[in-house]
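J.: My questions are about this predicted structure, shown below with the sequence.
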Amino acid sequence: MIKILFVCHGNICRSTMAESVLTHMVKQRHIDHLFEINSAATSREEIGNPPHHGTVNKLRQVGIPLIPHRAVQMTKADYEKYDYLIGMDDWNIRNMLRIAGGDPDHKIRKLLSFADSARDIADPWYTGNFDETYDDIIEGCEAFLHSLGY
C-alpha cells in the first residue's frame, strides 16, 4: 500500500482537490487498491470545514467525484504513517518540515517537483483561479504516478 498525504495551508482548496484528483486517477487505472490517499493542512484555520466551493465546482465541472472531507491538520505522527507527504508550495514545505521535525527519510516533496518543476501551485483562495490550480494538480499527479511506474 502506497500512502500519500497531500498538504496545503487550510486543507479546503488545493490538497482536497489533489486528494480527489489522484483518487480518481488511480480508480481509472484500476490500481486504487494499491493506494491510501488523504489530505491535511499546515494551519488550524479551517479545521472541520468542508472543501471550498471553488474546489467543489471545479471538480464537478470536470466530472471528478469529490472525496467527502473535513479539514484536518497534519501531525508529527503523519510523517511515520505516510510514504509521501506532498506539499503545494514552498511555504507549505517549510511548515511540513517544522511539524514533522525534519525529513530524515526524504518523504516530503512539493507536488510539481515530480514534473521536474520548482513552481508552486498557486493558492486559489487568494488568486480565485481554480482552473489554473486544477491544471497544475493534474500535471503534478500524472507526474507522480509516472514516477511510481503507473
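T.: Looks like it came in fine.

J.: Return the set of buried residues in stretch 45-64.
T.: For stretch 45-64, a neighbour-count test (16 or more other Cβ atoms under 10 Å) marks 46, 51-52, 54-56, 58-59, 64 as buried. The way it works is simple: take the backbone N, C-alpha and C, and place the C-beta from them, glycine included.

J.: got it, and stretch 89-108?
T.: Buried residues in stretch 89-108, counted by 16+ other Cβ under 10 Å: 89, 92-93, 95-96, 99-100, 107-108.

J.: Could you pull up the mean pLDDT of it?
T.: If you average the pLDDT over stretch 89-108, you get 97.

J.: how far does it sit from the chain's center?
T.: On the basis of Cα atoms, centre = their mean, to the nearest Å, stretch 89-108 sits 14 Å off its chain's mean C-alpha point.

J.: Also stretch 47-63?
T.: Computed by Cα atoms, centre = their mean, the separation of stretch 47-63 from the middle of its chain amounts to 13 Å.

J.: Would you confirm that residue 141 contacts residue 22?
T.: Yes. Using Cβ atoms under 8 Å, residue 141 is in contact with residue 22, at 4.8 Å.

J.: From the rest of the structure, what touches the lowest-mean-pLDDT helix or strand in the chain?
T.: Ranked by mean pLDDT, DSSP states H and E, the weakest helix or strand in the chain is helix 124-127, scoring a mean of 92. Where contact means Cβ atoms under 8 Å, 6 or more residues apart in numbering, the residues beyond helix 124-127 that reach it are 9-10, 12-14, 52, 54-55, 130, 132-133.
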